Each structure stands twice: as C-alpha cells, then as structure tokens.
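Student: A predicted structure for the sequence below; I have some questions about it.
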Amino acid sequence: MTGTVLDADELTRAALADGAGHPGDLRFQPALRRLVQAINDEARLTPDGARVARASLVGSLRTQLRLAARPVPPAPRPVAVTVVTGLHRTGTTLFQTLLAAHPGVRAPQLWELLAPAATQPAAELVAAATRYVDEYHRAAPAFAAIHPLHARKPEECHRLIANSFHSEIYGLRYHVPGYLGWLARQDHTAAYALHREQLDAIVARDSGGGHLVLKCPFHLWHAADLAATYPQARVVRLHRDPVAAVASVCSLTRTVRAARSAHVDPHEIGAFWLDRTAAAVPGLHDPDAFAGLAVFDLRYRELIADPVAAVARVCAFAGLPFDAPARQAVRTAAQTAARGAPGRHHYRLTDYGLDEERVRRRFADYRAAYRL
C-alpha cells in the first residue's frame, strides 16, 4: 500500500471541527469504516489520491451534519420525477443534458449535488464547484474527453447516494473489491432515503419548481429501492451494445483510478465491468424490474440519429408538453453537444483483457431483444 492511511475517527473529528453539529447527527458510520478499511487495504492510493479521498469523505459527513441542522421542513410538494438510467456510457449523460434544456425541466446541477444542504449563497457554491472541476481535470486530464463536468451543468445523482457511503461509485473510483462484496449484502433503504432528503433540500433552495430529471446508471442495481423512494417516478432506460459500453466504461474507470493510484490493473477493470454488466442486465431487460414504475426504453442509436425526436417521445411518456420553445431549446442543446468534448475518447476491449466475440455471446439475448 502507498500513500496516507485514512482513519474513520479522524474523518469524523474533521467534519465536527467547526462545531456545527453533533456526533449523533452522523449516520452510516459502519459503512464509512468499511469503506475506509477497503481504501487502506486495497486501493493503493498515492498521497495526493488519499488527500482527495479524505476531502470527499469529510465532505459527505459535513453534508449529513448540515441536513441534521436544517429546520424541520414542511412536507415537500409533490414533484414529477423522471429518472434516466442505463449501463454506463450508453448516452445517459447526453439525454439528461437534452431533456434538461426543456424550459419545464429541472435537473440538479453539479454545484447543487456537491453541497445539497449548504447555506452559503449560490455564487459561492458555484465557485467551489468550479474549483473542484479544475482540480479534477488537473488530476485526470483525459477525463474531459470522456465525460463533461461543469459546475452549472446537470450531473449524476450518485453523489447523493455516495454521502451514505453505500454506493458503487466507490468501486469505480478505487480498487476496493472487499468493500463492494460487503456492499452487495447491504440493505439500501436508508441510503435512498438520504438521497430523497438531499433532493428535497436542493428543491427547497430553488422555489422555481419544474419536472425533476435525475440520472444515474447505478439505479439499475437498486431498481426496487428507487421505486420505493420515488413511487410516482417514470424511468427512461438507455440501451447500447455492451461491446461498446463495456469498453468505454473500462476506459473511464482506468482514467479515474489513475488520478488517485499509480497501481491500476486494466485486466482487473475489464473483469470487474463484465461482471457488473451481467448483474445489471435484469434491470435492463425485465419490464417489471422497477417494481411497477412506468418504463420507457430508448436505444442509443435512436438518440444519436435524431435527438430532438427522442426527447419528444420521452416528453410524451413523462407528461411534459413539447411545444415550439421546448423543441427549439432541445435542438440548440443538441447542436451544442454535437460540437463535442475536447479531444477524442479511444477505447478497445482488448486493452482490458476482453474478447469482443465472447462479450457479444455473453449478452446475446439482451442484444437481440433490443436489436443492439
């Protein structure tokens, strides 16, 4: 192991250091300890990687404290929610961006997800999120060509689940198989309740309202928990050939982990995502996977071929009007997205010890069902 050893008690003391909150306000302590143990034992972080990990975990604890310190809010107003999900690298980010351009849609932005219960002025939080993005791009220069990250743009809501220390995002960021094995045996009910609590805080900060659009691939592994937490939600599932999706997410994972560790094994990443994809297929393939929530299936190639038409179809599904101003806003967002990210994202299955034909065969039924 390299780098600084993290200590769960020290992280807790750091979160409480400014006197805002009490130890009893901190939840999910067993999960924090299990995650810290795995990072120390398995992740082999560099000193800089350990510094960033420590800051992230302390930030999650401080979010819990801020939530506890909020005045008891009134019952949240009913809000329509559409959840975008699918395997990683299947167009979920693009689709959320396009749908968020709709004047009637509200998608939480990165600055809000980084500090869901903060009380500082929005300008200060946006500035802090911008510094976060700059630091991220400094540590992982290739990331910008893979996934857009901007303080004022919509982002994945895995950041809300991560504040409970019950999230697969830690398995993408770090090599922590022991933690993931533990996580697979846990009940996620409380983690999703925290997700809802934070989302309510974000919505309360902005009284503008609007149809909420959330996005995260990890919801595929917790479809029943999502349905229990948001029983009126509608779900949009994106579908792309796993041959391309797995290769792309392997490249993403390699880039993210290399920013925190000098010991990154591409073949381990390939095996990891092959297994995770297999575990996600039921959530993609079963019409009842989301425990009764209405589901709309959209193929990646349909989204790329005509993004405005794809958004129009989903708006009809979600009960959103798609008038001329909405159509123009989405068209403009699609044109902006088409100009592309800086640089190009290159990836091959063979770089991760995977054979294309074997991947095709493993997911043959899923590929055939959705004509991928």
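Tutor: Perfect, thanks for sending it. Numbers count the residues shown, from 1 in each chain.

Student: how long is stretch 23-43 end to end?
Tutor: 28 Å (C-alpha to C-alpha, to the nearest Å).

Student: Pull out the buried residues from it.
Tutor: 25-28, 31-40, 42-43 (16 or more other C-beta atoms under 10 Å). In short, each C-beta sits where N, CA and C put it, glycine included.

Student: May I have stretch 87-105 as CSV, with CA atoms only?
Tutor: Below are the C-alpha coordinates for stretch 87-105, written out as CSV (Å, rounded to 0.1, in the frame of the first residue of the first chain):
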residue,chain,number,x,y,z
LEU,A,87,-25.4,1.0,-18.5
HIS,A,88,-22.6,3.4,-18.2
ARG,A,89,-21.6,5.0,-21.5
THR,A,90,-25.0,4.5,-23.1
GLY,A,91,-25.9,8.1,-23.7
THR,A,92,-27.5,8.8,-20.3
THR,A,93,-25.4,12.0,-19.9
LEU,A,94,-26.4,13.3,-23.3
PHE,A,95,-30.0,12.5,-22.8
GLN,A,96,-30.2,14.2,-19.4
THR,A,97,-28.5,17.3,-20.9
LEU,A,98,-31.0,17.5,-23.7
LEU,A,99,-34.0,16.9,-21.5
ALA,A,100,-32.7,19.5,-19.0
ALA,A,101,-32.8,22.1,-21.8
HIS,A,102,-36.6,21.8,-21.8
PRO,A,103,-38.0,25.0,-20.1
GLY,A,104,-40.2,22.9,-17.9
VAL,A,105,-37.5,20.6,-16.6
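
Student: List the buried residues for that stretch?
Tutor: In stretch 87-105, counting by 16+ other C-beta under 10 Å, buried: 87-102, 104-105.

Student: So which of the residues you listed sit within strands?
Tutor: Among these, the ones falling in strands (DSSP state E) are Val105.

Student: coming back round to it: lowest-confidence member of the buried residues of stretch 23-43, which is it?
Tutor: On pLDDT alone, Asp25 ranks lowest of those, at 88.

Student: low pLDDT regions in the chain?
Tutor: 1-4, 19, 72-78, 207-209, 340-345 (pLDDT under 70).

Student: returning to what we had before: quick check: the farthest pair among the buried residues of stretch 23-43?
Tutor: Asp25 and Glu42 (29.5 Å; C-beta to C-beta).

Student: Would you indicate which residues of the strand or helix carrying Arg51 are buried?
Tutor: Per DSSP states H and E: Arg51 is located in helix 47-69. For helix 47-69, burial by neighbour count (16+ other C-beta under 10 Å) applies to 49-50, 52-54, 56-68.

Student: what's the nearest residue to Asp265 if we skip its chain neighbours?
Tutor: His175 (7.4 Å; C-beta to C-beta, 6 or more residues apart in numbering).

Student: What helices and strands are in contact with the helix holding Arg51?
Tutor: The contact analysis (3 or more C-beta pairs under 8 Å, 6 or more residues apart in numbering; DSSP states H and E) places helix 47-69 against helix 8-16, helix 29-38, helix 122-139, helix 189-205.
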